[in-house]
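Trainee: Return atomic coordinates for the entry below.
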Amino acid sequence: MVRLPRPLLRGTTYTRLLHLWVPMLMESLWLFIDPERPWVPALVLVPLGLLPAVRRGEGVQARLMLTPDGPEPGISEAPAASWRDRLRTVGWLELRWVLGWVTCSITVWSLVAAVELARCAWGHAPSGMLLDRLPPARAWALLSPLPLLALYGALVGLGTIVTGCARRLLGPSAAERLAALEERTERLLERNRIARELHDSIGHALTVAVVQAGAARAAGDPEFTGRALGAIEETGRAALADLERVLGVLREAERPASARPTLAEADRLLESARASGATVDAEVSGPVAAVPGPVSREGYRILQESLTNVLRHAGAVPVRVRVAVTDDRLLLRVRNALPEPIPGPGRGSGLRGIRERAALLGGTAHTGPELDDWLVRVELPLD
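Mentor: Numbers count the residues shown, from 1 in each chain. A predicted model of the protein is given here:
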């Protein structure tokens, strides 16, 4: 019993009722012109519903009045993009017109019945509008609330029905659902890409800083300490620039992010690894500058993560780096001595990020032990 009056306290009940009454405004005006043919406005709704913009207007109105408590993803605000959408709009307009008629009829006759019962209860004769044969009696006072209860139930039920129909007839088309799914997928991919960017850039900077600081403390050489501090400063500045760029993307999605580093700047990574104490034997062949932007940027991050893993897990060991650009492929190979204990193949978010980057570009990545070394081998197609 406590739940019964709750819809009366919700604004949604009254906005839905207003939404059902709106089509009857045009109908009321038409009845003054030609009361013998009240169905003419229903015919006018057919060509009106074929206009693409009408679907947008109905969607906006339905969202505001049928679901005012929050945005309703099941109701589209886009114009009709196909004939199927236009026909659905026509069906919605006709259904809304019919439900409007039903709502107005129930409202009027329920109120009339309640008034007539009250009049009979007070000893007045029926006015003849509805209950013309009802004898006056006090007992009718007990029945006078029933039409109001019926009206309450009908209006709440009709509001629920029209909202369900709006979701079905004004809902997004298959093309709109596909576009929304693609947009959501793009957002998820962008979030994963940003997470990888932060992991690779900040992780590399912290690893270099830790290794350099440890080496400087162990060496006790002022000249080496100065070089280590310089490398830490340079790596920290690059990491701060990457962090600011990524945070700028998160703050304002519409603003284009600045260009990410490419393989043309790979010397910075190699010098950073050498400054950390690793002996880096690097060989670059082919037109690296001509590598397409997406492939070159992802190749840079793969190389960065590979060198970071070497410094983090193996320390200052000899590293062989090979970057080769052929007619249709970019080849990356990073080989270093295995640390103890030997890590399992494919373990860690960094190695997973390498494989994910390669897979997104249609390439392949192998990470794991080979003979006495740890090998990262990546092939990325240039097309």
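Trainee: quick one: terminal-to-terminal distance for stretch 12-30?
Mentor: 29 Å (Cα to Cα, to the nearest Å).
Trainee: Tell me how far the closest residue to D34 other than its chain neighbours lies from G157.
Mentor: Nearest residue to D34, sequence neighbours excluded (Cβ to Cβ, 6 or more residues apart in numbering): V40, at 6.7 Å. The C-beta positions use only the backbone N, C-alpha and C, and glycine is treated the same way. Here V40 is placed at a distance of 29 Å from G157 (Cβ to Cβ, to the nearest Å).
Trainee: Same check on R268?
Mentor: Counting by Cβ to Cβ, the gap from R268 to G157 is 69 Å.
Trainee: Looking at these two, which is more packed in?
Mentor: Ranked by neighbour count (other Cβ atoms under 10 Å), R268 and G157 place R268 first, with 14 against 10.
Trainee: For the helix or strand where that one lies, name the packing helices and strands.
Mentor: In this structure, R268 sits in helix 266-275 according to DSSP states H and E. Contact analysis of helix 266-275 by 3 or more Cβ pairs under 8 Å, 6 or more residues apart in numbering; DSSP states H and E lists helix 174-219, helix 222-251, strand 280-285, helix 293-309, strand 319-325 as its packing neighbours.
Trainee: Out of those, which one sits most buried?
Mentor: helix 293-309 (a mean of 22; mean count of other Cβ atoms under 10 Å).
Trainee: Would you mind giving the domain segments of this protein?
Mentor: 6-172, 178-381 (automatic domain parsing).
Trainee: got the end-to-end distance for the first one?
Mentor: Counting by Cα to Cα, you get 31 Å between the two ends of domain 6-172.
Trainee: quick one on the thing from earlier: would you convert the domains of the chain into CSV that also reports mean pLDDT?
Mentor: Converted to CSV, the domains of the chain look like this (pLDDT from 0 to 100):
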stretch, mean pLDDT
domain 6-172, 82
domain 178-381, 76
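Trainee: Strands of the stretch 1-150 of the chain, residue ranges please.
Mentor: Using DSSP state E, counting those that start in this stretch, the stretch 1-150 of the chain contains no strands.
Trainee: just the helices in it please.
Mentor: In the stretch 1-150 of the chain, the segments counted as helices under DSSP state H, counting those that start in this stretch are 11-21, 23-33, 40-49, 52-66, 83-121, 145-169.
Trainee: How about the contacts made by the closest residue to G230 other than its chain neighbours?
Mentor: Spatial nearest neighbour of G230, chain neighbours left out: A275 (7.7 Å); criterion: Cβ to Cβ, 6+ apart. A275 makes contacts with V208, Q212, R227, A228, G230, A231, as judged by Cβ atoms under 8 Å, 6 or more residues apart in numbering.
Trainee: Pick out the most distant pair among those.
Mentor: V208 and R227 (12.5 Å; Cβ to Cβ).
Trainee: Contact partners for the nearest residue to L18 once chain neighbours are set aside?
Mentor: Once flanking residues are discounted, L18 sits nearest to M65: 6.3 Å by Cβ to Cβ, 6+ apart. Listed by Cβ under 8 Å, 6+ apart, the contact set of M65 reads T15, R16, L18, H19.
Trainee: Next, work out how far apart the second one and T103 are.
Mentor: I take that to be R16. 10 Å.
Trainee: And for P41?
Mentor: For P41, the distance to T103 - Cβ to Cβ - is 16 Å.
Trainee: Then E176?
Mentor: For E176 relative to T103 (Cβ to Cβ), the value is 30 Å.
Trainee: Check V310 too.
Mentor: V310 is 73 Å from T103, by Cβ to Cβ.
Trainee: Show me which of the two is the more surrounded one.
Mentor: Shown here are V310 and T103; by other Cβ under 10 Å, V310 has more neighbours (27 against 23).
Trainee: any idea whether the nearest residue to that one once chain neighbours are set aside is helix, strand or coil?
Mentor: Of all residues not flanking V310 in the chain, N336 sits nearest, at 4.8 Å (Cβ to Cβ, 6+ apart). Classification of N336 using DSSP: H, G, I helix; E, B strand; the rest coil returns strand.
Trainee: Was I right to think N336 contacts R320?
Mentor: Yes: the pair N336 / R320 is scored as a contact, 7.4 Å apart, by Cβ atoms under 8 Å.
Trainee: picking up where we left off before, is it possible to get a markdown table of the contacts of A275 that adds distance to L87?
Mentor: Below are those laid out as a markdown table (distance: Cβ to Cβ, whole Å):
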| residue | distance to L87 |
| --- | --- |
| V208 | 63 |
| Q212 | 69 |
| R227 | 74 |
| A228 | 73 |
| G230 | 71 |
| A231 | 68 |
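Trainee: Nearest to G353 among those residues?
Mentor: Set against G353, the nearest of the contacts of A275 by Cβ to Cβ is V208 (17.9 Å).
Trainee: what comes up buried for stretch 7-25?
Mentor: P7, T12, T13, T15, R16, L17, H19, L20, P23, M24 (16 or more other Cβ atoms under 10 Å).
Trainee: ditto for stretch 31-48
Mentor: P41, L45.
Trainee: Go ahead and produce PDB holding the CA coordinates of it.
Mentor: This file holds the C-alpha atoms of stretch 31-48, laid out as PDB (Å, rounded to 0.1, in the frame of the first residue of the first chain):
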ATOM      1  CA  LEU A  31     -12.300  19.700 -34.300                       C
ATOM      2  CA  PHE A  32     -13.300  23.300 -34.500                       C
ATOM      3  CA  ILE A  33     -12.700  23.200 -38.200                       C
ATOM      4  CA  ASP A  34     -14.300  19.900 -39.200                       C
ATOM      5  CA  PRO A  35     -15.700  17.900 -36.200                       C
ATOM      6  CA  GLU A  36     -17.200  15.300 -38.500                       C
ATOM      7  CA  ARG A  37     -13.800  14.000 -39.700                       C
ATOM      8  CA  PRO A  38     -11.600  13.800 -36.600                       C
ATOM      9  CA  TRP A  39      -9.200  11.300 -38.300                       C
ATOM     10  CA  VAL A  40      -7.800  13.900 -40.800                       C
ATOM     11  CA  PRO A  41      -4.800  14.900 -38.500                       C
ATOM     12  CA  ALA A  42      -3.800  11.200 -38.400                       C
ATOM     13  CA  LEU A  43      -3.400  11.300 -42.200                       C
ATOM     14  CA  VAL A  44      -1.300  14.400 -42.000                       C
ATOM     15  CA  LEU A  45       1.100  12.700 -39.700                       C
ATOM     16  CA  VAL A  46       2.100  10.200 -42.400                       C
ATOM     17  CA  PRO A  47       4.000  12.600 -44.700                       C
ATOM     18  CA  LEU A  48       5.200  14.500 -41.700                       C
END
